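> attaching a predicted model along with its sequence, questions to come.
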Amino acid sequence: MAKSTTTASDLDTASVVERLAEEKDRLFKLRVQHATGTLENTAAMRTTRKEIARYETELRAREIEAAEALAQEEKA
């Protein structure tokens with residue numbers, strides 16, 4: 001997988017969710033390859049898990065930001 005220069009914070013929420021699903025699918029396939037003994041690059045599992053964490057962190061940050069904005073609107 002080629003390293004993209006686009007970070008999770010540069011994408012809209014729909015794209016982040018889409019990429020998260022793709023990475024989860026990729027991790028599943030890597031786990032199957034690992035279990036069957038056909039996985040050559042075991043580091044790919046680690047990098048995929050880290051990508052998943054990056055996307056989930058970005059989604060959570062956006063969720064918190066939206067909740068804080070809503071709370072500020074309710075106060076005003």
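Received, thanks.

> give the other helices and strands that whichever helix in the chain runs longest contacts.
As assigned by DSSP state H, the longest helix anywhere in the chain is helix 43-75. The contact analysis (3 or more Cβ pairs under 8 Å, 6 or more residues apart in numbering; DSSP states H and E) places helix 43-75 against helix 13-36. Using the backbone N, CA and C atoms, a C-beta is placed for each residue, glycine as well.

> who are the packing partners of the helix it packs on?
helix 43-75.

> and the helix it packs on, what's buried?
44-45, 47-48, 51-52, 54-55, 58 (16 or more other Cβ atoms under 10 Å).

> where's the spatially most central residue of the chain relative to Ala71, distance?
Centroid-nearest residue in the chain: Tyr55, 2.7 Å away (criterion: Cα atoms, centre = their mean). Applying Cβ to Cβ, to the nearest Å, the value for Tyr55 to Ala71 is 25 Å.

> same check on Ala8?
Applying Cβ to Cβ, one obtains 24 Å for the distance of Ala8 from Ala71.

> just His34 next, same as before
44 Å.

> now Thr48
35 Å.

> same question for Ala43.
For Ala43, the distance to Ala71 (Cβ to Cβ) stands at 42 Å.

> cool, and Val16?
23 Å.

> now swap in Thr13 and tell me
From Thr13 across to Ala71, the span is 19 Å (Cβ to Cβ).

> mind showing which ranges of this protein have poor pLDDT?
Applying pLDDT under 70 to the chain flags the ranges 1-5.

> repeat that for 80
1-6, 76 (pLDDT under 80).

> CA atoms only for stretch 60-76, dumped as CSV, please.
Below are the C-alpha coordinates for stretch 60-76, written out as CSV (Å, rounded to 0.1, in the frame of the first residue of the first chain):
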residue,chain,number,x,y,z
ARG,A,60,-13.7,10.8,18.0
ALA,A,61,-12.1,14.3,18.0
ARG,A,62,-14.8,15.5,15.5
GLU,A,63,-17.5,14.0,17.7
ILE,A,64,-16.2,15.8,20.8
GLU,A,65,-15.9,19.1,18.8
ALA,A,66,-19.4,18.8,17.6
ALA,A,67,-20.7,18.1,21.1
GLU,A,68,-18.8,21.1,22.5
ALA,A,69,-20.2,23.3,19.8
LEU,A,70,-23.7,22.1,20.5
ALA,A,71,-23.2,22.8,24.2
GLN,A,72,-22.0,26.3,23.5
GLU,A,73,-25.1,27.0,21.4
GLU,A,74,-27.4,25.8,24.1
LYS,A,75,-25.7,28.1,26.6
ALA,A,76,-26.1,31.1,24.4
